[in-house]
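J.: The sequence and its predicted three-dimensional model are supplied below.
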Amino acid sequence: SQFEQHIRAITGLPLGSTEMLAPAAVMVNILGTKDGPADLGGLDGALAIDGVTIHWYGKSPVKVDRKMGHITALAKDVKTAGSKAQKARRSIKI
């Protein structure tokens, strides 16, 4: 991950591989849709999609349009990865 690479770089550790894990990757932000307490739902449906990872930042409270996390989808091509990411986003409720 970029975060692991950063820690390795600033601590003088050897850098990890930057080789692609899949031919295509798409990231979709998870933005707040209301103001109030953070209540994340729909993870089961999103995580059931092959190649999808959810990154939830644990911010609270939710604010409209505040970036609360993101979805990463890996696939054989960008179109498929994008479809998976959008499907996962539709599953998640905040």
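T.: Yep, it's here. Numbers count the residues shown, from 1 in each chain.
J.: Show the average pLDDT along the longest helix along the chain.
T.: Once the chain is assigned using DSSP state H, the helix that runs over the most residues is helix 78-91. When the per-residue pLDDT values of helix 78-91 are averaged, the result is 98.
J.: list the helices and strands it packs on?
T.: Contact analysis of helix 78-91 by 3 or more Cβ pairs under 8 Å, 6 or more residues apart in numbering; DSSP states H and E lists strand 24-31, helix 43-47, strand 52-56, strand 67-75 as its packing neighbours. In short, each C-beta sits where N, CA and C put it, glycine included.
J.: Out of these, which one sits most buried?
T.: Highest mean neighbour count of the helices and strands packed on helix 78-91: strand 67-75, a mean of 20 (counted as mean count of other Cβ atoms under 10 Å).
J.: Which of the helices and strands packed on helix 78-91 sits closest to T11?
T.: strand 52-56 (22.6 Å; Cβ to Cβ).
J.: Centre of the chain to the closest one, how far?
T.: Mean-position distance between strand 52-56 and its chain equals 4 Å (Cα atoms, centre = their mean, to the nearest Å).
J.: now stretch 5-16
T.: Between the mean C-alpha location of stretch 5-16 and the chain-wide mean there is a distance of 22 Å, by Cα atoms, centre = their mean.
J.: Can you name the residues in contact with it?
T.: Where contact means Cβ atoms under 8 Å, 6 or more residues apart in numbering, the residues beyond stretch 5-16 that reach it are E4, T18.
J.: Now do it, average pLDDT.
T.: When pLDDT is averaged over stretch 5-16, the result is 96.
J.: Name the residue closest to the centre of the protein, please.
T.: Among the residues of the chain, the smallest C-alpha distance to the mean C-alpha position (Cα atoms, centre = their mean) belongs to I71, namely 2.5 Å.
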